[in-house]
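Q: fold the stuff below for me.
(2 chains)
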Protein chains: 2
Amino acid sequence: MRHLLLAAIAVAAPVHAQDRNDTARIMDEGLAHSQVMTTAQHLTDVIGPRLTNSPQMRQAEAWTQAKFAEWGLKNVRKEGFDFGRGWWINGSSVRMVTPRPIQLTAIPIAWTPPTQGTLSAPIIVAPMKSARDFAAYRGQLAGKIVLVSSPGTGSESTRASFHRYTDEELGKVAEFRFPRYDPAADAKVLREADFEKQRDAFLKGEGALAYATISYRDGKLVHGEGYMFEAGKSPSLPGVEIAAEDYRRLARLAKTGAAPTLEIISDVRYDDSDPQAYNIFAEIPGTDPKAGYVMAGAHFDSWVAGDGASDNAAGTAVVMEAARILSRIGVRPKRTIRFALWNGEEQALLGSLAWVEKNLATRGGPNDPPLVGERRYYEWSKRWPINPRPGFNDLAAYFNVDNGSGRFRGIYAENNPAAAEIFRGWMAPFNGLGMTTVAIGRTGGTDHVFMQSVGAPGFQFIQDPLDYNSRAHHSSADTFDHLKEEDLRQGSTILAAFLLNAANADKALPRPPMPTRPAVTDPFAYPDPEEHN
Amino acid sequence: MRHLLLAAIAVAAPVHAQDRNDTARIMDEGLAHSQVMTTAQHLTDVIGPRLTNSPQMRQAEAWTQAKFAEWGLKNVRKEGFDFGRGWWINGSSVRMVTPRPIQLTAIPIAWTPPTQGTLSAPIIVAPMKSARDFAAYRGQLAGKIVLVSSPGTGSESTRASFHRYTDEELGKVAEFRFPRYDPAADAKVLREADFEKQRDAFLKGEGALAYATISYRDGKLVHGEGYMFEAGKSPSLPGVEIAAEDYRRLARLAKTGAAPTLEIISDVRYDDSDPQAYNIFAEIPGTDPKAGYVMAGAHFDSWVAGDGASDNAAGTAVVMEAARILSRIGVRPKRTIRFALWNGEEQALLGSLAWVEKNLATRGGPNDPPLVGERRYYEWSKRWPINPRPGFNDLAAYFNVDNGSGRFRGIYAENNPAAAEIFRGWMAPFNGLGMTTVAIGRTGGTDHVFMQSVGAPGFQFIQDPLDYNSRAHHSSADTFDHLKEEDLRQGSTILAAFLLNAANADKALPRPPMPTRPAVTDPFAYPDPEEHN
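A: Residues are numbered from 1 along each chain as shown, chains lettered A, B, ... in the order given. Purely as a prediction, here's the structure:
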């Protein structure tokens, strides 16, 4: 694969002499004088996890602005959007008391309420996946800590937890995937999201005292994601996620003997001082006020089990470091270069969506009711028509960073072959650093999605996976230790070069066509009865 | 390799018709009516970790005897040996309070004293590897929690954490390793063991309040091994092992800002009700009182971070299940079949060594001072002469199980080629279950070692590694989840068959020659100056 790409690069447009010189200066500043790890260390070790609207996120909002200003960026500012409550963990403990004392590995679930001191109660194992399952447990839950997950059995990965792409695997990443559209798929996800609320109401109605879920990873890792963040819609019951090994032990003991008793201390706190969350922006102003702007972004919010290192202090530090590099070498680009740190990404890409709605386009007709909470993620892109804002065409290119700490191996061209050709030229100086692959197709799941959804040119890089999916993503192991210095130096250097290329190009990147309503992939399918469960 | 071995099996001694019939009955009982997982579940989930002389170990001593008796075994008994203190964890918590609150993953170190309620103090990072390092920290430790390990950097394994041997790897396991003897090697280990005591005295003298070490595995696993178990020699200071990610965060914070403050609660308890530890024995009596006995054994003590599942509820359950199988099918062997559950293995193979000294042989001259504690492990086998006991030749074969939950893939013949030929015949019925390999050479580290050391025929099986070394061994993840049912059924079935073959063989297994003083491998080596550190 690598040889084919090098051949393609040879016929790409020649790079301007001026660009070559800038690229060399970017490489010197980004590879030999990097501050990316210092930035990442402050975000992770010193500030810590940055759950949207938590006190630690407020620190991050202030510190990132101060850093941008210190580095000479202009128009440093925060822009608010409606979010919900802040929440943080002051301390917590989950302990099995009977049949024997053991300290369990567990974490409070985000936005659940605190226990009042120590909550002591027996468990009941009552796996529930839909409201249909409530009947089986009615009348049995009063005074109990309810284990709502199926315990299952342990699983052992036969793949290494840490991995870099081989050339063959990079080739597979670049394979084009046929677009698929199934209108029922998101409905199922939304039913599951609603079920979290139904279950909370059911448990409260039954007089249960708390609930516990099982970690979805073995090896004593926990995560603690929760989604009931809106004001006035907090969960009724304290909830904890228990490590898989510990959860299954409880379930086996309850099956073979008397139900174990737990002591839960969940010393968590709400912070309702400000319902708004804030995106952070900073700029290097362009010399041509009519040429529009290019932008790089990363979400800087995180979950709370670790320090939000791979997800996404890594991407945040890379974007901030690209800003520092370009400011340090004193570029004066034709187009403005803007840097964005998104908030509320972990809940539903809420920060970038708020920005898209304000700056690029709205979706839907005048009579569509407003979308709130997670529904915005699943339903926004299904509304028609797309209504572009006046500044829609000013965004010449957006580059998102949110795939962990792994080095840049390529970029997704997001169904834009004309842009792909140009990217091949831009990445040529970095082939020797492992940046070799352009995938024509799309990738999803992060803050460029709603830009693509309205036809704006948003892109995301291909990165080595490292241990992102195997153990770091959202977990208690997502700490600074799992960041890789050379990878982050490489990524921030390449990002700076891409931004400057995009900002200085004579012609803006070719834009994608405006999106059209997708065709249903399989019009002959019948609904699956299980879907109604 | 497998083909070579099958060829070897074809020329091995034919199996008696009686043995074939017994083997079929053993396979039916062991593979289709197994209780091995029920036994393992009780040892791990219900009893939990079994630190020598802890209350949980006392439960295990009673429960295993009751089970042997329930299954119809004879001469069920416990035999004591001098050990030291009991110790257990009632609860614990390590929390960083400043610069921000975070619950750390940590565990009290075995046999350290409790904190008096909550101990709050700033940390100081003071890595020490020998008494030479004390000078650098003198006068700085009063009132501090001392982080005594070098933080290092994170490491990521590029190998899968769960693995079964390929045929090629089994071939490598079977490769003969040249014996090596370096008299200085153990001296270094003993200096390190002594250093634990010196460091404790130094920290106490300086007025430090507690100490912390770093976990030797990444991924938020902890272990908590400690060796100051002798009565009157307990550590002075509370000690905790902190997860690698959490420890390194503390170290980075202390390097870049004010020293973090910790709150440590170590609610640990000593139990001095009985300084003796107990090995457990049970038998199926032989029909020929002059034919001696064969024996299978596994240590049933463990560390405390997990439930001692892979190490070594697995081996314990396999040995107990072999006893149940043979009792259930009503064998009447020529030689007595004895089952041994060893205690104190994790500290220095102390249980099996006590038994060897009492039943097989002593070592050393009349003027050699007694060896105590860990020194027994390192120095006992270096004493000469070997003084056999009257019953020395009665032990016809000993099979040890202590390599985790992995299925049996072969056996180490321990430098006994004549036994190897016989093992090839015994394993023939189990080739299709993956049991194919005889390694002529030795393996160490567990309870057959001191039998080999005095020239008795002790053997250990080759087992699939699974996740034993990667994450289960001694760690907080060593729970029932990491045991594999089919593997344990296979192992207990094969062990039962081996025992019955050894018990009924017309001639006892060929014995190894008596050990001789080893020759120094490299008589031209100079001592390494680092050794004196």
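
Q: all helices for chain A, in order.
A: Across chain A, reading from the start of the chain, the helices by DSSP state H fall at A:2-10, A:17-27, A:36-41, A:55-70, A:167-173, A:183-206, A:244-256, A:314-328, A:345-348, A:350-359, A:375-379, A:417-427, A:449-453, A:485-504.

Q: hmm, who's touching stretch A:324-335?
A: For stretch A:324-335, the surrounding residues in contact (Cβ atoms under 8 Å, 6 or more residues apart in numbering or on different chains) are A:22, A:25-26, A:29-30, A:33, A:35, A:71-73, A:284, A:286-288, A:291-294, A:337, A:396, A:492-493, A:496, A:499-500, A:502-504, A:508. Where C-beta positions appear, they are placed from N, C-alpha and C, glycine not excepted.

Q: now do the end-to-end distance for that stretch.
A: Stretch A:324-335 has an end-to-end distance of 17 Å (criterion: Cα to Cα, to the nearest Å).

Q: buried ones in that stretch, by neighbour count?
A: For stretch A:324-335, the buried set under the neighbour-count rule, 16 or more other Cβ atoms under 10 Å in any protein chain shown, comprises A:324-329, A:331, A:333-335.

Q: ditto for stretch A:76-96
A: Within stretch A:76-96, the residues that qualify as buried by neighbour count (16+ other Cβ under 10 Å) are A:76, A:78-79, A:81, A:83-96.

Q: burial count for A:Ile102?
A: The burial count assigned to A:Ile102 is 20, neighbours taken as other Cβ atoms under 10 Å in any protein chain shown.

Q: for it, give the beta-bridge partners.
A: A:Met96 (DSSP bridges).

Q: thought it was touching A:Arg95?
A: Yes - at 7.0 Å, A:Ile102 counts as touching A:Arg95 under the criterion of Cβ atoms under 8 Å.

Q: can you tell me which of the contacts of stretch A:324-335 are buried?
A: Neighbour counting by 16+ other Cβ under 10 Å classes A:22, A:25-26, A:29-30, A:35, A:71, A:73, A:284, A:286, A:291-294, A:337, A:396, A:492-493, A:496, A:499-500, A:502-504, A:508 among those as buried.

Q: who in the stretch 101-250 of chain A is up against chain B?
A: On the criterion Cβ under 8 Å from any Cβ of the partner chain, chain B has as its neighbours in the stretch 101-250 of chain A the residues A:101-103, A:105, A:153-154, A:156-163, A:218-221, A:244-246, A:248-249.

Q: buried ones from these, can you make that a PyMOL selection?
A: With 16+ other Cβ under 10 Å as the burial test, the buried ones among these are selected in PyMOL as follows:
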select buried, chain A and resi 101+102+103+105+154+156+161+162+163+218+219+220+221+244+245+246+248+249
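
Q: which positions in the stretch 301-450 of chain A make contact with chain B?
A: The stretch 301-450 of chain A comes close to chain B at residues A:306-307, as judged by Cβ under 8 Å from any Cβ.

Q: ok, A:Gln490 - contacts?
A: Listed by Cβ under 8 Å, 6+ apart, the contact partners of A:Gln490 are A:31, A:407-408, A:430, A:433-435.

Q: between those residues, which sits nearest B:Tyr211?
A: Taking Cβ to Cβ as the measure, B:Tyr211 lies nearest A:Arg407 of the contacts of A:Gln490, at 38.3 Å.

Q: now do the closest residue to the closest one other than its chain neighbours against A:Arg328, distance only.
A: The shortest distance from A:Arg407 to any residue other than its chain neighbours is 3.9 Å, reached at A:Asp487 (Cβ to Cβ, 6 or more residues apart in numbering or on different chains). Per Cβ to Cβ, to the nearest Å, A:Asp487 is found 21 Å from A:Arg328.

Q: ok, A:Leu237 next?
A: In this structure, A:Leu237 and A:Arg328 are separated by 51 Å, where distance is defined by Cβ to Cβ.

Q: next: A:Ile265.
A: Counting by Cβ to Cβ, the gap from A:Ile265 to A:Arg328 is 48 Å.

Q: ok, now A:Pro465?
A: Using Cβ to Cβ, one gets 31 Å for the distance from A:Pro465 to A:Arg328.

Q: now do the contacts for A:Glu321.
A: Listed by Cβ under 8 Å, 6+ apart, the contact partners of A:Glu321 are A:30, A:34-36, A:39, A:488, A:492, A:496.

Q: recalculate using a threshold of 7 Å.
A: For A:Glu321, the set of contacting residues under the criterion of Cβ atoms under 7 Å, 6 or more residues apart in numbering or on different chains consists of A:30, A:34-36, A:39, A:492.

Q: tell me which two in these are the farthest apart.
A: Every pair of the contacts of A:Glu321 checked by Cβ to Cβ; the farthest is A:Gly30 and A:Thr39, at 12.6 Å.

Q: nearest spatial neighbour of A:Gly154, skipping sequence neighbours?
A: Counting by Cβ to Cβ, 6+ apart, the residue nearest A:Gly154 is B:Asp481, at 3.3 Å.

Q: give me the pLDDT for the one you found.
A: As predicted, B:Asp481 sits at a pLDDT of 96.

Q: gap between it and B:Arg471?
A: When distances are taken as Cβ to Cβ, B:Asp481 and B:Arg471 turn out to be 12 Å apart.

Q: next: A:Thr105.
A: Distance of A:Thr105 to B:Arg471, computed by Cβ to Cβ: 14 Å.

Q: over to A:Ser149?
A: The separation that A:Ser149 has from B:Arg471, given Cβ to Cβ, amounts to 22 Å.

Q: one more: A:Ala212?
A: Distance from A:Ala212 to B:Arg471, counting by Cβ to Cβ: 24 Å.
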